[in-house]
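Engineer: Build the 3D model from these lines:
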Amino acid sequence: MIKPRTPPGVLELLPADQIAFQRMLDTIRRNFERFGFLPVETPVMELSEVLLTKTGGETERQVYFVQSTGALEKAAQGEGGPPELALRFDLTVPLARYVAEHEHELAFPFRRYQMQRVYRGERQQRGRFREFYQCDIDVIGKDALSTRFDAELPAVIHAVFSELDIGAFTIQLNNRKLMRGFFQAQGVAEPALQALVLREVDKLDKRGEDYVRQTLAGEGFGLSADAVARILDFVKVRSTSHADALARLDALAGDNQALREGAAELREVLELVRALGVPESAYALNFSIARGLDYYTGTVYETTLNDYPQIGSICSGGRYDDLASHYTKSKLPGVGISIGLTRLFWQLREAGLVGAAESTVQAMVALMDEGSLPDALEIARRLRAAGINTEVQMEPRKLGKQFQYAARAGIRFVVLAGEDERARGVVAVKDLAREEQFELAREELAGALKVELEQARALPKR
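Structural biologist: I've put the predicted structure just below:
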């Protein structure tokens, strides 16, 4: 007999936790749609030549290839070529392919959201997953895309995490142009070296100042002590208010064009973020935020929980100049953010910030005897028509067993209609949450349960 077990790197939840996870998905989707983003789904499999537009590197080492048993047999016999298909490792590359393929059918700027699983061959460790949900939004322009769209995404982030109600958070903003310009002024002009420096300063909050200082002064960088000190002073900048953020941008001196452009873009973004109604306590400048991916070219974002900095970024993204250069000659600039929901849910659960949710089944109609099944089905039909999720016990069991089942399944109301209740035109209702039982006229049942459920939703959660 094969032992039942899930593969490593997979988060498999029991129903109560799955409901909590699903509600987070629903909240994210609802807010994405409120801001005018349209749903897109792409296949879990992409052609390998499309997915792996760059050879080598960490990404390719984490890709799962897809092969049929027939293809495996041919490969074992030395026939056939490399795998034709691979599982997507993010939602950005499939988006690039999608936009390039449907370019002439889409309205630009194209506003899309996508919430699907992705797959990476991560090294097995606690809190890292090989299958996980990403929840992305992107705005893609044709030829050009205004910086104003960069300001809209923090408003979406604020709406999502405010409704998720997982604690105070800060949306941290920076601009890659500004960083590149500053580094050029410090003598770090070579693009490859700049990219390496950007990756290292992005680790400041995670690894600490001493680590970054030693790395930048060490092998492969060789920066002078003065240059390292100036870079560290720069990337330690954190604004404390809207006015402070603007003042820090104004204080950036120099005639470097990239630095001036980056500062001007950040100023415009900050002013519009405030105009969009995001409170200034929820956003700040952080000049160490670079994002590890090289394709970011302008505004970059990371969002952190104020009381749980150890969780790291809960939502990140940024501006990129050309989304689909591998698939089309058209210039398609964009800006986007991503929430890695599986890892976030796991971290929030570990920190005690989310717990198991109540059942989605709100009522259960008990079955008193075999002859009462048609009546039980009719009661359930009326409750469902009123919008109450209802289950029926399809086989008669001892009433105690039926109550025990409902309690274990998290069902609040048990409706009973025995011979006596039917004769009097009433039903008995057992409220398992309050441990009370009461009678209602049949025509009043649905309305009364709806009132109880609405009151429960309105009460603050403890």
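Engineer: Model confidence score at residue 422, please.
Structural biologist: Listed pLDDT for residue 422 reads 92.
Engineer: what helix or strand does it sit in?
Structural biologist: helix 419-424 (DSSP states H and E).
Engineer: Beyond that helix, next helix or strand please.
Structural biologist: Using DSSP H and E, the helix or strand that follows helix 419-424 towards the C-terminus is strand 426-431.
Engineer: got the buried residues for the helix holding residue 422?
Structural biologist: For helix 419-424, burial by neighbour count (16 or more other Cβ atoms under 10 Å) applies to residue 421. C-betas here are computed from N, CA, C, even on glycine.
Engineer: Please compute how far it lies from its chain's middle.
Structural biologist: Remark: helix 419-424 is offset 51 Å from the chain centroid, using Cα atoms, centre = their mean, to the nearest Å.
Engineer: let's number from 6 now, not from 1
Structural biologist: Sure, I'll start numbering at 6, so the last one becomes helix 424-429.
Engineer: Which strands or helices does it pack on?
Structural biologist: If you count contacts as 3 or more Cβ pairs under 8 Å, 6 or more residues apart in numbering; DSSP states H and E, helix 424-429 packs onto no helix or strand.
Engineer: I'd like to check what contacts that helix. Which residues are they?
Structural biologist: 373, 374, 377, 380, 432, 433, 444 (Cβ atoms under 8 Å, 6 or more residues apart in numbering).
Engineer: And stretch 33-43, by the same measure?
Structural biologist: Stretch 33-43 has contacts (Cβ under 8 Å, 6+ apart) with 44, 115-118, 120, 140, 142, 157, 160-161, 164-165, 168-169, 344, 346.
Engineer: again, 10 Å this time
Structural biologist: Applying Cβ atoms under 10 Å, 6 or more residues apart in numbering, the set of residues contacting stretch 33-43 from outside is 44, 111-112, 115-120, 138, 140-144, 157-158, 160-169, 281, 320, 344, 346.
Engineer: again with stretch 73-82
Structural biologist: Defining contact as Cβ under 10 Å, 6+ apart, one finds that stretch 73-82 is touched by 70, 72, 84, 85, 86, 87, 88, 89, 90.
Engineer: which residue packs closest to residue 124, ignoring adjacent ones?
Structural biologist: Distances taken as Cβ to Cβ, 6 or more residues apart in numbering place residue 92 nearest to residue 124, at 4.1 Å, with adjacent residues excluded.
Engineer: likewise residue 290?
Structural biologist: The shortest distance from residue 290 to any non-neighbouring residue, by Cβ to Cβ, 6+ apart, is to residue 244 (4.1 Å).
Engineer: now the strands: where do they sit in the stretch 6-155 of the chain?
Structural biologist: Secondary structure of the stretch 6-155 of the chain (DSSP state E, counting those that start in this stretch): strands at 43-44, 50-52, 70-71, 90-92, 115-124, 136-145.
Engineer: does residue 445 belong to a helix or a strand, and which?
Structural biologist: strand 441-446.
Engineer: what helices or strands is that strand leaning on?
Structural biologist: If contacts are counted by 3 or more Cβ pairs under 10 Å, 6 or more residues apart in numbering; DSSP states H and E, strand 441-446 sits against strand 418-421, helix 424-429, strand 431-436, helix 450-463.
Engineer: Pull up the pairing partners for that strand, direction included.
Structural biologist: The pairing partners recorded for strand 441-446 under DSSP bridges are strand 431-436 (antiparallel).
Engineer: Mind listing residues that contact the strand it pairs with?
Structural biologist: Defining contact as Cβ under 10 Å, 6+ apart, one finds that strand 431-436 is touched by 368-371, 380, 384, 404, 407-408, 411-412, 417-423, 425-426, 441-447, 449-450, 453-454, 457.
Engineer: circling back to that earlier point, comparing the strands of the stretch 6-155 of the chain, which comes out most buried?
Structural biologist: Looking across those with neighbours counted as mean count of other Cβ atoms under 10 Å, the highest average goes to strand 136-145: a mean of 23.
Engineer: Tell me the neighbouring strands of that strand, and mark each as parallel or antiparallel.
Structural biologist: Here strand 136-145 is paired, per DSSP bridges, with strand 115-124 (antiparallel), strand 339-345 (antiparallel).
Engineer: for the stretch 156-305 of the chain, what spans make up the strands?
Structural biologist: With DSSP E, counting those that start in this stretch as the criterion, the stretch 156-305 of the chain has strands spanning 174-180, 288-290, 301-310.
Engineer: quick check: angle from the helix or strand that comes right after the last one to strand 136-145?
Structural biologist: When you say that, I think you mean strand 301-310. Using DSSP H and E, the helix or strand that follows strand 301-310 towards the C-terminus is strand 320-325. Per axes from the mean of the first three to the mean of the last three Cα atoms, to 10 degrees, the angle that strand 320-325 makes with strand 136-145 is 40 degrees.
Engineer: quick one on the thing from earlier: okay if I get the strands of the stretch 6-155 of the chain as CSV plus distance to residue 258 and mean pLDDT?
Structural biologist: Supplementary listing: those in CSV, determined by distance: least, Cβ to Cβ, whole Å; pLDDT from 0 to 100:
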stretch, distance to residue 258, mean pLDDT
strand 43-44, 43, 98
strand 50-52, 47, 95
strand 70-71, 52, 92
strand 90-92, 48, 94
strand 115-124, 38, 97
strand 136-145, 33, 97
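Engineer: okay, these in JSON lines with distance to residue 357 next?
Structural biologist: Output for the strands of the stretch 6-155 of the chain, formatted as JSON lines (distance: least, Cβ to Cβ, whole Å):
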{"stretch": "strand 43-44", "distance to residue 357": "32"}
{"stretch": "strand 50-52", "distance to residue 357": "38"}
{"stretch": "strand 70-71", "distance to residue 357": "38"}
{"stretch": "strand 90-92", "distance to residue 357": "33"}
{"stretch": "strand 115-124", "distance to residue 357": "25"}
{"stretch": "strand 136-145", "distance to residue 357": "21"}
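Engineer: out of the ones you listed, nearest to residue 231?
Structural biologist: Nearest to residue 231 among the strands of the stretch 6-155 of the chain is strand 136-145 (40.3 Å), distances taken as Cβ to Cβ.
Engineer: send the alpha carbons of that closest one over as CSV?
Structural biologist: Taking Å, rounded to 0.1, in the frame of the first residue of the first chain, the C-alpha atoms of strand 136-145 are listed here in CSV:
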residue,chain,number,x,y,z
GLU,A,136,3.8,25.5,-6.0
PHE,A,137,2.4,28.9,-4.9
TYR,A,138,-0.2,31.5,-5.8
GLN,A,139,0.8,34.8,-7.3
CYS,A,140,-1.6,37.7,-7.5
ASP,A,141,-0.4,40.2,-10.1
ILE,A,142,-1.7,43.4,-11.6
ASP,A,143,0.1,45.3,-14.5
VAL,A,144,-0.7,48.3,-16.7
ILE,A,145,0.9,47.9,-20.1
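Engineer: Report the distance from that strand to the chain centre.
Structural biologist: Taking Cα atoms, centre = their mean, one finds strand 136-145 lying 7 Å from the centre of the chain it belongs to.
Engineer: so what's the most centrally placed residue in the chain closest to, chain neighbours aside?
Structural biologist: Closest residue to the average C-alpha location of the chain: residue 344 at 2.6 Å, with Cα atoms, centre = their mean. Excluding the flanking residues, the one nearest residue 344 by Cβ to Cβ, 6+ apart is residue 140, at 4.3 Å.
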